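Pasting a predicted model and its sequence here:
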Amino acid sequence: MATAIHEVTPAEAAAHPAPESVVVRFAGDSGDGMQLTGGQFTLSTALAGNDLATFPDFPAEIRAPQGTLFGVSAFQINFGSTEIETAGDQPDVLVAMNPAGLKVNVDALRPGGLIIADEGEFTDRNLAKAKYDANPLTDGSLSRWQLLSFNISQLTLDAVKPFGLGNKEALRCKNMWTLGLSLWMFDRDRQPIVDWLKAKFAKLPVLAEANIAALNAGHAYGETAELSGPLKQHSIPAAAVEAGLYRTVTGADAISLGLVAGAQLAGLPMFFGGYPITPASAILHSLSRLKEFGVTTFQAEDEIAAIASAIGASYAGQLGVTSSSGPGIALKGEAMGLAIMTELPLVIVNSQRGGPSTGLPTKTEQSDLYQAVYGRNGDAPMPVLATRSAADCFDVAIEAVRIATQYMTPVMILTDGYIANAAEPWKVPDVSTYAPFPVRFATDTGEGFHPYARDNKLARPWAKPGTPGLLHRIGGIEKKQGTGNIDYSPANHQEMTDTRRDKVAGVVVPDQQVELGETSGRLAVVGWGSTFGPIHQAVRRARRAGRDVAHIHIRHIWPMPANLGALLKGYDAILVPEMNTGQLKTVLRDQFLVDAKPLNKVSGQPFRIAEIEAAIDAALGGHGGGEVAADRTELPSIAAVNP
């Protein structure tokens, strides 16, 4: 194995075995470019062939006061040569660009982990903003970890001095210096980052060259600094993956591509009506770049106009799509009822965030399940699907389009802030393997058009306005079964309500599979959405330790798979981890009369694997299986040093 300095001898390789996976967290002020740094490190990691998962974590304020605790922005990446399911429990390396970044994140660092700190930012003023009484770099309070601190700010200024930038502009290159050191530390190629900088600053070549100089300086520092050998390169082999074309994808990107693919499989142009809201805005941004696939995007003046425009597009014969987060979904509630009453296909994407009200706009949560399943006036059922990861969004979006167009109903997709922003490698599928489900619009006038006649799925016909002989009315007032005339009669309302219920209940969904473990046993851990990764890893570790536990993950939230009730009753106990106060747990109890137990977390942060492991252990009555082996080896020790 080669490093930038010399060939590693067999003895050195044995002394410093390559970790299976490493977790790195970049943290600093929201103006320090931590998301950009993390994103480019992710790019280099993907190009190196490692599997990975990321967790961007940033403040709700557009620009919080500099140096404050609530203005900290962080980006975590877990990468390795093994299968990666989560962004990692505890970072192995914390890169802290200022005191606030250190204070907010250091307790998450594993014991013995490495802190790389910019001592140039640890001034009295910044220490006071971060509520430090003394400098943690010198007072011994960080003794649980390895510390490597140096003046990144000054080193950056020195590197970019030849380009004549002002002090403020020059310090903006700090993140590139830090990225350069990180690329050296994990034996990454700089060239893709250099190419990206040249493209990004094509009209400002001086800025491009300054950032490249900072990048190279950070890399060179790792190569040449006299640190008595504590800073080692860690070359992590590529992960074993199937051959194919791969790209890094976020949940927002994948759901956008899936919606477009679904529209193509249905043979429809697509109209997206949206209103900006965190974290759903990325879908609007992504779809606006896909015009060549028959996609029209419309940024409406508010949430109600956004969904109303999408319903209008569906009425006109296109695939109507809208998206929002919890507060915006609440505003769309009346119009969702209209789409249900008119029985038009519509896809609604809910990128959940912490609530209620404005809540935690940039933090993740799963607290909209009740809202999705029940949250409309009247009996207003609609199919609900949940994505488990960024890559999974593609297939879930196609499935939502299929159900919407085949059953003439709105469909809601539940994703969340973690999935929307997180990135992972995605094997680009062969779309020719996806079965088309072309829409057939009504054309036959026959003895008169009946807009609420039913097929064997209980779906009504879809007629484009202006088709000769197919004049009809739809709207929010109850219509007569078959003819579509206004009808307030009790018997008709009962019949139409039952029909809308039965249509959604009759949506054919695949049988529920067990992701890991047996189809019966002592314990099933049942999850939905972005809890997939930590649940899967926790169950895998528990089974490795001899525990009788299985993992079930539900994609079809409503209607649920037909076999799910019988499957759940095959286990002695059911544990439901959710980032809410127990919503899926309640639905499972209601639908199947099973004694599901909750494991709830509403901190705005994803579950840690260790949290679910502890709950499995408690549910099964203590250890009994010995120590659970971690899925990674530890980083070689890096001695504390202050050059």
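Done, it's in.

I'd assumed Glu578 was in contact with Gln366.
Yes: when contacts are counted by CB atoms under 8 Å, Gln366 is listed as touching Glu578 (5.4 Å). The C-beta positions use only the backbone N, C-alpha and C, and glycine is treated the same way.

what's the closest non-adjacent residue to Ile193?
Ranked by CB to CB, 6 or more residues apart in numbering and with sequence neighbours excluded, the top spatial neighbour of Ile193 is Gln40, at 5.3 Å.

residues contacting the one you found?
In this structure, Gln40 makes contact with Leu179, Ile193, Trp196, judged by CB atoms under 8 Å, 6 or more residues apart in numbering.

before we move on, back to that, spit out the residues that contact Gln366 and Glu578 alike.
Trp528, Thr531.

okay, now Tyr132: neighbour count?
19 (other CB atoms under 10 Å).

nearest residue to it other than its sequence neighbours?
Residue nearest to Tyr132 in three dimensions, not counting chain neighbours: Pro99, with 5.7 Å by CB to CB, 6+ apart.

now swap in Leu360 and tell me
The nearest residue in space to Leu360 (CB to CB, 6+ apart) is Gly354, at 2.9 Å.

What score does the one you found have for pLDDT?
Among the per-residue scores, Gly354 shows a pLDDT of 95.

Likewise for Pro490?
In this prediction, Pro490 carries a pLDDT score of 97.

What is the neighbour count of it?
Counted with other CB under 10 Å, the burial measure for Pro490 works out to 7 neighbours.

wait, what's in contact with it?
When contacts are taken as CB under 8 Å, 6+ apart, Pro490 is in contact with no other residue.

surely the residue nearest to Leu360 meets Ser367?
Yes: counting by CB under 8 Å, Gly354 does reach Ser367; the two are 7.5 Å apart.

any residues in contact with both of the two?
Counting by CB under 8 Å, 6+ apart, the contacts common to Gly354 and Ser367 are Val602.

Poorly predicted segments of the stretch 101-250 of the chain, please.
226-231 (pLDDT under 70).

Let's see that with 80 instead.
Within the stretch 101-250 of the chain, the stretches falling below the threshold (pLDDT under 80) are 225-233.

same deal with the chain?
For the chain, the stretches flagged by pLDDT under 80 are 1-19, 61-64, 225-233, 444-447, 622-643.

Could you rerun that using 70?
1-19, 226-231, 445-446, 623-643.

In it, spot the helix with the most residues.
With residue count as the measure and DSSP state H as the assignment, the chain has helix 205-224 as its longest helix.

Describe which strands the helix or strand that comes right after that helix pairs with in its sheet and in which direction.
On the C-terminal side of helix 205-224, the closest following helix or strand by DSSP states H and E is strand 246-250. Strand 246-250 has the following sheet partners, assigned by DSSP bridges: strand 423-427 (antiparallel).

Burial check on the closest residue to Gln366 other than its chain neighbours, number of neighbours?
Leaving aside its chain neighbours, Gln366 sits nearest to Met579 (4.1 Å; criterion: CB to CB, 6+ apart). Burial of Met579 is recorded as 25 neighbouring residues (other CB under 10 Å).

Let me see the contact set for Met579.
Residues counted as contacts of Met579 (CB under 8 Å, 6+ apart) are 364-367, 416, 529-531, 600-602, 606-607.

mind checking the backbone torsions on it?
Here is the backbone geometry of Met579 (degrees, to the nearest 10): phi -90, psi 60.

can you tell me how far it sits from Ser281?
Noted for Met579: a distance of 21 Å to Ser281, by CB to CB, to the nearest Å.

Can you tell me the SS state at Lys161?
When the structure is split into helix, strand and coil by DSSP: H, G, I helix; E, B strand; the rest coil, Lys161 lands in helix.
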